[in-house]
Each structure stands twice: as C-alpha cells, then as structure tokens.
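S.K.: could you look at this predicted model? Sequence included:
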Amino acid sequence: MFNRLVVSAKECEGLRWQKPGNMAFAASKPLLPLHIGELVGAATSMPIAFTQNEGVWQLVAVCGHTAKCNLFVRDGAWLGAYTPQTLENWPFELVRVGERGFITFDKASGALVEKGGDSFFDLEGNMSEALAAVRQRLEASAPKLQATTKAITALHAARVMAPWSENLTARFGDFELSDLFYMDEQALAKLDDNEFLALRRNGALALGYAVNVSLGQIHVLQRLIKLNPAPSRAGINPADDLEAFFEGDDNLSF
C-alpha cells in the first residue's frame, strides 16, 4: 500500500497520468487476479488457480512458471486468447478496507506524467472522463470480486481444496510458484448433501469445476516457453506466427 495513491481530488490535485501503450508492465507478473465474470474466457485460455494474497483468497490466471516472468507478454504484446480485466485497469486497482472500496493508483508504475496524458480531476474537482471510465469498470467488477472471494472461502472452509500436484509442476523442472490450489473432487465426494448443496448455491461449486477444467490449459505455458523464452534462453524469432501457435487450442470509494 505504500506505493499506492488513494485517488481523490485532494490527493491527485495537479497530477496527470498516461495510459500504458502496451502490456510491458505485466511482463514480470506471473499471477493475475480474476473474478467469476471472467471464468469462461480465462478457463479456456490459460490455467487458473486459487491462492492467497495478504490473507485474502483470490482467483488468479497462472501466466508463468517462474517468479518474475509472464509468458503471455512478449515485446509488449499480449499473446493470449483472453486478456484479464485487471490489465485494462492498470495502474488503477480497487482496494477494500472493511466494507468500503477505494480506487488506488500505483505510484511506482511510471504512469504519472508532467505533460500529456489525462488529468485525474479538473480544476473544479470533477473527475476526468478517462478516470470516470476506470471507475465505472472497477465499480462493475467489485461485486464479482466479492462473490469470488466468498466462493473460494467457502471451498476452503469445506476442506475441498488441494495444492497443485507434482504432475502439473514437474514437467517444468524449474516451477517456482507456490500456494496454488484447485478443487479436490475426491474430498468433494465425501461431503454430505447439505454441505454439497451449500457450495452449489453460492457458486463455489461452479467456480471449483472451472478451475479444474482450466488445468488442461497447462500445455499453453509449456508451448509459450518455447515461443517466448526467458532472456537467458533467447533465440526465438519474434516474427513467429502466433496464429499458428495457438491454432487447435480448445480455448474512489463506493
């Protein structure tokens, strides 16, 4: 939070920001937050998982196998069939404190500019058109993020979550990410009817199955390693045919 600016007319007076021209900012982010509204697009394009961030359960797109590398970003371009919504809003983020949500801005993003770009607010303290569009998207996603956290918390409370197995990670050799979970269907089968129906009613069951189905997309990461190698293994021609590569995949407060 120390690198985040809480967006308000007072805190942002006289400041301007520049929307990123490409996806280079995400190149070092192997895990990207998702919400339940993104399940269809994400689960058919990339592996997704449950994880915890500062004690809060999250749904994330797994976009790499090492700590500082997003395999879906090459030369600033996004290579995936689906683009997580969090990338559209960066460097803004909704941060919840209790029951309230605050729009924050990443001060370390390099997106603050002296000239050009967009203002946060005008001289009268009115939100700029660009900022209003960001707020609208964040407000729309807020209940979906809350529902996602609630559903994952229910799965955890029912003890039907398990860490990714070596069958998934061993194929990479140097898989560095930890604390990634999926729904344990064997544990699920041991629940009584009331426990099972409770998970179904709050959407946790559908979420868990979507995560499990997405694990079939682990091959996308393996193929991206060849197409988009780390700098130490560079040598792939940037002009590789991306269409051929993916062909055949089933793929403020308020």
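M.R.: Okay, I see it.
S.K.: so which residues of the stretch 151-254 of the chain form strands?
M.R.: 161-163, 181-183 (DSSP state E, counting those that start in this stretch).
S.K.: turn the ones you listed into JSON lines, including distance to Phe25.
M.R.: The C-beta positions use only the backbone N, C-alpha and C, and glycine is treated the same way. Formatted as JSON lines, the strands of the stretch 151-254 of the chain follow (distance: least, CB to CB, whole Å):
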{"stretch": "strand 161-163", "distance to Phe25": "29"}
{"stretch": "strand 181-183", "distance to Phe25": "27"}
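S.K.: tell me which of those strands sits most buried.
M.R.: Most buried of these, by mean neighbour count (mean count of other CB atoms under 10 Å): strand 181-183, with a mean of 22.
S.K.: for that strand, packing partners?
M.R.: Under the contact criterion of 3 or more CB pairs under 8 Å, 6 or more residues apart in numbering; DSSP states H and E, strand 181-183 touches strand 48-53, strand 161-163, helix 204-214.
S.K.: quick one: work out the angle between the longest one and strand 48-53.
M.R.: Right, the one you point to is helix 204-214. Here helix 204-214 points in a direction 120 degrees away from that of strand 48-53 (axes from the mean of the first three to the mean of the last three CA atoms, to 10 degrees).
S.K.: which secondary structure elements does helix 204-214 contact?
M.R.: For helix 204-214, the packing partners by 3+ CB pairs under 8 Å, 6+ apart come out as helix 39-43, strand 48-53, helix 129-157, strand 181-183, helix 193-201.
S.K.: just put the ones you listed in JSON lines and tack on mean pLDDT and distance to Ile103.
M.R.: Formatted as JSON lines, the helices and strands packed on helix 204-214 follow (pLDDT from 0 to 100; distance: least, CB to CB, whole Å):
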{"stretch": "helix 39-43", "mean pLDDT": "94", "distance to Ile103": "23"}
{"stretch": "strand 48-53", "mean pLDDT": "94", "distance to Ile103": "18"}
{"stretch": "helix 129-157", "mean pLDDT": "93", "distance to Ile103": "6"}
{"stretch": "strand 181-183", "mean pLDDT": "97", "distance to Ile103": "29"}
{"stretch": "helix 193-201", "mean pLDDT": "94", "distance to Ile103": "31"}
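S.K.: looking at the strands of the stretch 151-254 of the chain, which is nearest to Ile36?
M.R.: Of all these, strand 181-183 sits nearest to Ile36, with 14.1 Å by CB to CB.
S.K.: Ile152 reaches Gln58, doesn't it?
M.R.: Yes. Using CB atoms under 8 Å, Ile152 makes contact with Gln58 at a distance of 7.4 Å.
S.K.: quick one: which of these two has more around it?
M.R.: Ile152 (25 against 19; other CB atoms under 10 Å).
S.K.: how much space separates that one from Thr51?
M.R.: As judged by CB to CB, to the nearest Å, Ile152 and Thr51 stand 9 Å apart.
S.K.: quick one: common contacting residues for these two?
M.R.: Trp57, Gln58 (CB atoms under 8 Å, 6 or more residues apart in numbering).
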